[in-house]
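In: pasted the sequence and its predicted model underneath.
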Amino acid sequence: MARLHTQPICVASALLVPLLSLAQPAWLTLSGVAPSWAVLWLLPWALVEGPVSGSIAGAALALVLDGLGGDALTLLPALTLLGWWFGRLGRRGRPIQRSLNLGLLAWIGAMVVGVSLWLQLRLVQGLDASVLQHWAWHLCLTQALITGLLAPMIVSWQLLVWRRRSPA
Amino acid sequence: MGSSQWPAGSRWRGARSLWPWLGLLAVLALVRWSKGAGFMDAYALLSRPFWPGSAQKEWLQSAATLENNAQLELLQQDNKRLRQLLELKQQSKEGQVAAAVISRNAAAWWQQLELGQGSAAGLAAGDAVIGPGGLIGRIQSVTPSTARVKLLTAPGSQIGVWVPRTRQHALLVGVGTARPQLRFIDKDIKARPGDLVSTSPASTLLPPNLPVAVIQTLDSRAVPAPEGVVQLIAAPEAIDWVQVQTR
């Protein structure tokens, strides 16, 4: 079978990320905080496709999500880096498919995204009120937790489907 | 041995016949002391079936509402005339566009709403967005059919407000949480928790005298100027429809 990026249905599945980010289904949130849908999609994609495709997909997703988010914050560095790192992990050693591993990777991914946004708020926009720092950490940890909890279900299923469509 | 006018037996009988009267006197004294409490309670209990019904209560309430509305209209007319004299911006329902909230990100890094109306309906960046209760944010960008609202709670959001009771200006700064910070400009503040925060009556960017929040806590010793925490009157996370005040 062809690589994932040559299969339109697999590429089109990325459209679910901005759609879910806009829709924010309330039943998939933790105290009102939604998971990082970008990480949940990027993780299996990069694990199957490798670092180059992963970083390109991460950058593409970041551009779309930055457009939806507005303001001066960007997801570009975090998602590009994550795409590369997840891709490298997928190319090394035995395939990653255990629920705990996937959950942990998604948790780390969401934390990287959160910390990158928090640093931008603090360093670029100069917002350093203590209340804001508490809010940022709370948001970062909650988003990482819900992303890590959903990953074993969502990412495992995506990996199963995509590995069938694109066997190594 | 001397004899009394009343035989001994009849004296005791007389004293015994006085006891009921003394008892009655004591009861009456109790009634006096309790200011007729027992009588009032008994009267209330007996007359309860004949109390004015809910219909009369509703008549009174509707009359009071009518009176309030009439007074409000008169005051609004008066306010409009005075603002015209002072050449200040008018506060009116004209130019308000109703828009549905089609997406909300109240608990995310970008705290914003997406509205189902855009530039085709006359919306433009900077327009004030009003929810039930007061101001919730300003329009950040528009497309022909949608508009993005930056909420007052979003980190970095800043608008000028004032406390009507003390007539002091302040800056409302979003810090991500549901309760933005209020940074006063004056060092000597007279505001206190519970005071209303509204847009300035002389505001040109936002509709004047629009309720925004209620002060929850104040730190008068903060440097460089006192600051506080406010609770927004309109809760963005629970609003499905908003009004946009076009300019």
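Out: Structure's in. What do you need? Please read these numbers as outputs of a predicted model, since none were measured by experiment.

In: and the residue nearest the centre of chain A?
Out: A:V39 (1.0 Å; CA atoms, centre = their mean).

In: is B:V242 in a bridge, and if so with what?
Out: B:A99 (DSSP bridges).

In: could you look up the SS state of residue 61?
Out: Chain wasn't specified; assuming chain A. Three-state assignment for A:L61 (DSSP: H, G, I helix; E, B strand; the rest coil): helix.

In: run a quick neighbour tally on the nearest residue to B:A124 once chain neighbours are set aside.
Out: Closest residue to B:A124 apart from its sequence neighbours, by CB to CB, 6 or more residues apart in numbering or on different chains: B:V142 at 6.3 Å. Just so you know, the C-beta spots here come from the backbone N, C-alpha and C atoms, and that holds for glycine as well. Burial measure for B:V142: 22 neighbouring residues, criterion other CB atoms under 10 Å in any protein chain shown.

In: the residue nearest to the centre of chain A and A:Q158: what is the separation?
Out: Plainly put, A:V39 is 12 Å away from A:Q158 if you go by CB to CB, to the nearest Å.

In: the chain: helices as residue ranges?
Out: Chain wasn't specified; assuming chain A. Secondary structure of chain A, counting by DSSP state H: helices at A:8-12, A:16-23, A:37-49, A:51-69, A:76-91, A:99-119, A:130-165.

In: switch to chain B, please.
Out: B:8-33, B:37-47, B:54-85.

In: show me the shaky parts of chain A.
Out: Filtered on pLDDT under 70, chain A yields the residue ranges A:1-2, A:70, A:168.

In: who in it is up against chain B?
Out: A:22-24, A:29, A:31-34, A:68-71, A:73, A:114, A:117, A:121, A:125, A:127, A:129, A:131-132, A:134-136, A:139 (CB under 8 Å from any CB of the partner chain).

In: how does it look with 7 Å?
Out: A:22-24, A:32-34, A:69-71, A:73, A:117, A:121, A:125, A:127, A:129, A:131-132, A:135-136, A:139 (CB under 7 Å from any CB of the partner chain).

In: any of those residues buried? List them.
Out: Neighbour counting with 16 or more other CB atoms under 10 Å in any protein chain shown marks A:24, A:33-34, A:69, A:71, A:73, A:117, A:121, A:127, A:129, A:131-132, A:135-136, A:139 as buried within these.

In: any idea how far the nearest residue to A:C10 once chain neighbours are set aside lies from A:L20?
Out: Spatial nearest neighbour of A:C10, excluding adjacent residues (CB to CB, 6+ apart): A:L4 at 4.4 Å. A:L4 sits 19 Å away from A:L20, going by CB to CB.

In: can you pick out the residue with more neighbours from these two?
Out: Using other CB under 10 Å, the more surrounded residue of A:L4 and A:L20 is A:L4, with 21 against 17.

In: I'd say the more buried one and A:W162 touch.
Out: Yes. At 5.8 Å, A:L4 counts as touching A:W162 under the criterion of CB atoms under 7 Å.

In: can I see the domain layout of chain B?
Out: Listed by automatic domain parsing, the domain ranges of chain B are B:8-49, B:52-85, B:96-247.
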